[in-house]
Each structure stands twice: as C-alpha cells, then as structure tokens.
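S.K.: Quick one, fold the following:
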Amino acid sequence: MDYVIRKMQVEDLEQVVAIDGLSFSLPWPPHTFNYEVTRNSAARCWVAEQDGKILAMLVGWFIVDEIHIATFAVHPDFRRVGLGRRVLLRALQAAKEEGAALSFLEVRASNAAALKLYEELGYTQTGLRKKYYSDNGEDAILMTLHLDEKR
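M.R.: Residues are numbered from 1 along each chain as shown. This next block holds a predicted model:
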C-alpha cells in the first residue's frame, strides 16, 4: 500500500471528520478538528493519505515534555494492516524529536484491538478512569509510554 504520513491540513478535515464518525460513538464536533489544526499551538495533527484519500488520523497535544494522544482512528476499510501502528509511531517519533519523554492516552476498556496495539508498542496500563465515556458509562484505561525506552 502506497501512502504518506504527513501533518493534517484544513483541506483534510471533511475526511477526518468522516473517519471520526465511522470510528467512535462519541465523535468530536467538526469545528474541534478545525481548531486543532488552525489555532491550538499544542496540537500535533497527523494523517495517512493516499492519492487524496485520508486513511487514518491522529491528534495529539504536546504539553511540556508529554504527548497526549487525544484521538486516533483508521478508516474501517484500512484497519488491521499495520497502518495505525505506523501513524502512531510517526507521531511518537516526531514528539520525541521535539522533546517529549512520555506519551499518554485513554482507551475504552472494551477496545481489545487498540489495547493490543498500544501494549505491543510498549504502553502500560497506569490508571483507570471510571465511567469516562458518557454514551454508556464505560471505563477508560489510562496508558503511559516512556519514549526513551526501546520498543
């Protein structure tokens, strides 16, 4: 599969919002992505793109020496082929180059595929956010990765 991982642009937002809606029961409002790309200086936004089609997206927040993965999704047609892993690794590498020492994220307790990916990349479960998700009261698992450790 030929694609490029690059920084998200305003022109990508319609497709990014579509992926978000296909991926989550609580998608972000469309204007939120616009804010992240155009006005949030802490935002680090990435996409995987192939011939004008957005295949995956990630928004992280760089704060002091941490990168918090705020949202991350792969279009359903392109899941389970390693694309998500590559996008996340690219975002983590860029954050590390910028001085990040830690990465954090929350993941639904029931999202076995995501948990497996994060654990394979070296994230560890470091906390539980009870009833984190407002749609069904599901818990979120807080995961942490020390970027200076080998993966």
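
S.K.: top strand in the chain by residue count?
M.R.: As assigned by DSSP state E, the longest strand anywhere in the chain is strand 53-63.

S.K.: partners of that strand in the sheet?
M.R.: Applying DSSP bridges, strand 53-63 is found paired with strand 43-50 (antiparallel), strand 66-74 (antiparallel).

S.K.: now these in a markdown table, with mean neighbour count, mean pLDDT and distance to I141?
M.R.: Any C-beta I mention is one placed from the backbone N, CA and C, and that applies to glycine too. Shown next, in a markdown table, are the strands paired with strand 53-63 (neighbours: other C-beta atoms under 10 Å; pLDDT from 0 to 100; distance: least, C-beta to C-beta, whole Å):
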| stretch | mean neighbour count | mean pLDDT | distance to I141 |
| --- | --- | --- | --- |
| strand 43-50 | 20 | 98 | 22 |
| strand 66-74 | 21 | 97 | 13 |
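
S.K.: Include distance to P27 when you put those strands into TSV, please.
M.R.: As requested, the strands paired with strand 53-63 are exported to TSV (distance: least, C-beta to C-beta, whole Å):
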stretch	distance to P27
strand 43-50	16
strand 66-74	9
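
S.K.: Nearest to V10, out of these?
M.R.: strand 43-50 (10.3 Å; C-beta to C-beta).

S.K.: Need the contact partners of the closest one.
M.R.: Outside strand 43-50, the residues that touch it by C-beta atoms under 8 Å, 6 or more residues apart in numbering are 1-8, 12, 16, 33, 36-37, 54-62, 67, 74, 83, 86-87, 90-91, 94-95.

S.K.: Any of these buried? List them.
M.R.: Burial by neighbour count, 16 or more other C-beta atoms under 10 Å: within those this picks out 3, 5, 8, 12, 16, 33, 36-37, 54-62, 67, 74, 83, 87, 91, 94-95.

S.K.: then the longest strand of the chain to PDB, C-alphas only?
M.R.: The C-alpha trace of strand 53-63 is given here as PDB (Å, rounded to 0.1, in the frame of the first residue of the first chain):
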ATOM      1  CA  LYS A  53      -7.900   9.900   0.400                       C
ATOM      2  CA  ILE A  54      -7.300  10.200   4.100                       C
ATOM      3  CA  LEU A  55      -6.900   6.700   5.500                       C
ATOM      4  CA  ALA A  56      -6.100   7.500   9.200                       C
ATOM      5  CA  MET A  57      -5.800  10.500  11.500                       C
ATOM      6  CA  LEU A  58      -4.300  11.300  14.900                       C
ATOM      7  CA  VAL A  59      -4.500  14.400  17.100                       C
ATOM      8  CA  GLY A  60      -2.000  14.700  20.000                       C
ATOM      9  CA  TRP A  61      -1.400  17.500  22.400                       C
ATOM     10  CA  PHE A  62       2.200  18.400  23.200                       C
ATOM     11  CA  ILE A  63       2.500  19.800  26.700                       C
END
